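Undergrad: Only the shape, not the letters, is given here:
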């Protein structure tokens, strides 16, 4: 027997082995890994300062057509990433309600997708700066408010997620369940509302050009042109279409109807025979 055994202390290797054995049978109680997003207290100033900076820059920045197309592609991809992650998390929650998923699996899945949601939301804001938003439009202002609500709701969702993780594999109950449900509902309303308003604004910008006829005349420097830039023939004046008494000194001659056999045709006036 060694001195450590006599004093009642176990060697470090034995203590480490016993710690591994103690946690091996409790996977839900392992120490949580480092979060993929910053602490939620740091997100509050980042959300409001970033939103104000985005609105200010969009009012003074004008991108060319190439950069606008790149920003539009990034806007769509950010919507796919962020909104897709939200829908996936909510689908997992619905499966838990139906008894098709374990709550511990749903909680771990939700914690892993928070980074994708924030990445998509940040991409929407950054790409939206280059899309020339019409800040005078009420619909655009409502969309910006919904994006801000989604961001604030996301910060609050981090606190709910931390409470769910602390409860191990036990389903939420009472006030925590109400908070989690409210977070899901606000998230869905915000994302769907912002997406629908963005689609409506896009249709409003492209619909007038699509409804306008291709041969609509645009007066430019006295020359009639189509939208493609082709010049149109000058319209005939009323004087050339039908001679008047003042121009010819005599009333216009009307062609006569001549019937030959079973066919009828208009004969030219006498002056033109």
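TA: The structure has been received and is ready for your questions. On a predicted model such as this, the values are computed, not experimentally measured, just so you know.
Undergrad: what helix or strand is residue 171 on?
TA: Assigned by DSSP states H and E, residue 171 falls within no helix or strand.
Undergrad: Show the model's pLDDT score for the closest residue to it other than its chain neighbours.
TA: The shortest distance from residue 171 to any non-neighbouring residue, by Cβ to Cβ, 6 or more residues apart in numbering, is to residue 103 (4.6 Å). (Glycine included, C-beta is placed from N, CA and C.) Note for residue 103: predicted pLDDT of 86.
Undergrad: other SSEs contacting the helix or strand that residue 195 is a member of?
TA: Here residue 195, judged by DSSP H and E, is contained in helix 175-211. Counting by 3 or more Cβ pairs under 8 Å, 6 or more residues apart in numbering; DSSP states H and E, the packing neighbours recorded for helix 175-211 are helix 65-97, helix 138-166.
Undergrad: tell me which residues in it are buried?
TA: Buried residues in helix 175-211, counted by 16 or more other Cβ atoms under 10 Å: 179-180, 183-184, 186-187, 190-191, 193-194, 197-198, 201.
Undergrad: before we move on, what about stretch 136-154?
TA: For stretch 136-154, a neighbour-count test (16+ other Cβ under 10 Å) marks 140, 143, 144, 146, 147, 148, 149, 150, 151, 152, 153, 154 as buried.
Undergrad: tally of neighbours for the residue nearest to residue 171?
TA: 16 (other Cβ atoms under 10 Å).
Undergrad: swap in residue 163?
TA: Look at residue 163: counted by other Cβ under 10 Å, it has 14 neighbours.
Undergrad: I'd like the distance between it and residue 79.
TA: Counting by Cβ to Cβ, to the nearest Å, the gap from residue 163 to residue 79 is 29 Å.
Undergrad: Equivalent analysis for residue 159, please.
TA: 25 Å.
Undergrad: And residue 63, by the same measure?
TA: For residue 63 relative to residue 79 (Cβ to Cβ), the value is 19 Å.
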